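Q: let me see the structure of the following:
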Amino acid sequence: MAQTGNFELELNTAADVAEGCRLTFVATNSTGIALTETSYEVAAFNADQVVSAILVLEFGELPLNKTRVVQFDLPQTQCSSLSRILVNGQDVCKSAEGDHDVCLKALSASSRIPTIPFGL
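A: Predicted coordinates:
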């Protein structure tokens, strides 16, 4: 459960699929701001701690206290080859009033997968 004032982003599952590694994230907006568009740039590291991919994860609209589950595929990647995923920065964070920095300032990132840490 996200704490009040936080934008909680959790790496929930990772599963190998035909297309690559499917990552499932749970995002909860408890920032006090209804967000109309959210996305983060993340870096995926391989077993040698080398960046193997940089991608933008788009979470879309997140109203106040809304939890959203989204999945992203890392093409041609086995989940077992991932050593960690790092939030590189906020890509988009908007409300009806315009751009915000709350998506990064209030971000709390975690992982339920012991072999794939996820954080800042």
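
Q: thought Gln76 was touching Gly20?
A: Yes: counting by C-beta atoms under 8 Å, Gly20 is a contact partner of Gln76 at 5.4 Å. The C-beta positions use only the backbone N, C-alpha and C, and glycine is treated the same way.

Q: which residues are in contact with the residue of the chain most remote from its centre?
A: In the chain, the greatest distance from the average C-alpha position (C-alpha atoms, centre = their mean) is reached by Glu97, at 23.3 Å. Glu97 sits next to no residue when contact means C-beta atoms under 8 Å, 6 or more residues apart in numbering.

Q: neighbours of the closest residue to Phe7 other than its chain neighbours, how many?
A: Excluding its sequence neighbours, the residue lying closest to Phe7 (C-beta to C-beta, 6 or more residues apart in numbering) is Ala106, at 4.7 Å. By other C-beta atoms under 10 Å, the residues close to Ala106 number 20.

Q: now Ala106: how far from Thr38?
A: Ala106 is 12 Å from Thr38, where distance means C-beta to C-beta, to the nearest Å.

Q: which residues of this structure fall in strands?
A: Along the chain, the segments classed as strands by DSSP state E run 7-17, 20-29, 35-46, 51-58, 67-75, 82-95, 98-99, 107-111, 118-119.

Q: related to what we said a few turns ago, show the backbone phi and psi for the residue farthest from the centre of the chain.
A: phi -80, psi -10 (degrees, to the nearest 10).

Q: any idea of the pLDDT on it?
A: At Glu97, the model reports a pLDDT of 93.

Q: ok now do the residue nearest the centre of the chain, which residues does it touch?
A: Among the residues of the chain, the one closest to the centroid is Leu9, at 5.4 Å (C-alpha atoms, centre = their mean). Counting by C-beta under 8 Å, 6+ apart, Leu9 touches 25-27, 40, 87, 107-110, 118.

Q: let's go with 6 Å and repeat that
A: 27, 109 (C-beta atoms under 6 Å, 6 or more residues apart in numbering).

Q: report the beta-bridge partner residues of it.
A: With DSSP bridges applied, Leu9 shows beta-bridge pairing to Ala27, Ala109.

Q: how near is it to Lys105?
A: With C-beta to C-beta as the criterion, Leu9 and Lys105 are 13 Å apart.
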